[in-house]
Each structure stands twice: as C-alpha cells, then as structure tokens.
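K.L.:
Provided below for reference: sequence and predicted model.
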Amino acid sequence: MSEKSLAAPCGMYCGACRSYLLLKKNLLKESGRKSGCEGCRIRNKNCTFIKKDCSLIRKNIIDFCYECDNFPCSNLKKIENRYTQRYNVSFVNNLKKLKEIGLEKWLQEQKLLYKCPKCGGEICVHDAECFDCGYKFNPNLE
C-alpha cells in the first residue's frame, strides 16, 4: 500500500479512521463488523462522501479537492461541518496544509498527530481513543 492511499481526496487522514484501524489491527470480528477499509484510494472509493457527485474525482482528473476551481464545494462543506462538529477536524484546513507542505510532510504530520502520547500507538479520530492501549485522547483538542 502506498502512503498516498492514506490521504483521501477530501482531506481525511485514513490512518486515523476507525474502519481502517479495525482492519489493520485485526479487530473486525471483536468489534462486530464484517469489513474494514484500506483507505479511500485502495478501495477505489475516492472519498466515499464526495465521489458520487464529483466527476473530477470519479474520473481521476484531480487527486485532492484543493485542485478544483470550486474548492471548497458544497459536498466538501457538508462533510467538513460534520467532522468539525463531531471530531474537531477540518478537512478544508487539512487540504490547505497538504497543498502548502506536500503529501509526504503532511502524512508525517498526521502520523505524529494521531500517535498516542501514552504508548506510541494509533489514535482513532472517530473514537478519540488509542487502538493499542485504550487511552482516551483527542489530539485535535490539544
């Protein structure tokens, strides 16, 4: 799996997603789920929330929403509002930062952001909890 697969077109860091972590940590059965996720790009979903309405992403004309002349579009704003309210994560800000510093540096920053301060494991953005030691922590509130 390439590193790029952990950077969704919409600005989500897939490495901190519950579905990704459940699959990666082999916790699907324990969690009662039948399937997990390897990242939007690997599954060819190209951002599950935006793909169906965005021909540029669907046809692989752009890699990230910030490349669009209509950035941020109404679809991105919808998911932006949900994630900002629920998890204190801004996909628009993520995309601006990604554009500014590049994919490799952005991915490094995201890995560090979602690294558990207690055990060094991986924090889930959706649960605000380390999938390795159970420590409750939301890095987006720090």
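P.N.:
That came in fine, so what should we check first?

K.L.:
Could you give the number of residues near the closest residue to residue 135 other than its chain neighbours?
P.N.:
If the residues on either side of it in the chain are set aside, residue 135 comes closest to residue 118, at 4.3 Å by Cβ to Cβ, 6 or more residues apart in numbering. (C-beta placed from N, C-alpha, C; glycine too.) As a burial measure, the neighbour count of residue 118 was computed by other Cβ atoms under 10 Å and equals 14.

K.L.:
Surely residue 118 and residue 130 touch.
P.N.:
Yes. In this structure residue 118 lies within contact range of residue 130 using Cβ atoms under 8 Å: 6.7 Å.

K.L.:
Please pull up the helix or strand immediately following the lowest-mean-pLDDT helix or strand in the chain.
P.N.:
Using mean pLDDT, DSSP states H and E, helix 55-58 stands out as the lowest-scoring helix or strand of the chain, at a mean of 83. Next along the chain after helix 55-58, taking DSSP states H and E as the criterion, comes helix 74-87.

K.L.:
List the buried residues in that following helix.
P.N.:
Residues of helix 74-87 classed as buried by neighbour count (16 or more other Cβ atoms under 10 Å): 75, 76, 79, 80, 83, 87.

K.L.:
Averaged pLDDT, whichever helix or strand comes after it. What do you get?
P.N.:
Past helix 74-87, further along toward the C-terminus, the next helix or strand under DSSP H and E is helix 91-101. Taken as a whole, helix 91-101 carries a mean pLDDT of 97.

K.L.:
what sits up against whichever strand or helix holds residue 23?
P.N.:
Element membership for residue 23, per DSSP H and E: helix 18-24. Taking Cβ atoms under 8 Å, 6 or more residues apart in numbering as the criterion, the residues outside helix 18-24 that touch it are 6, 14, 27-28, 31, 33, 35-39, 122, 124-127, 131.
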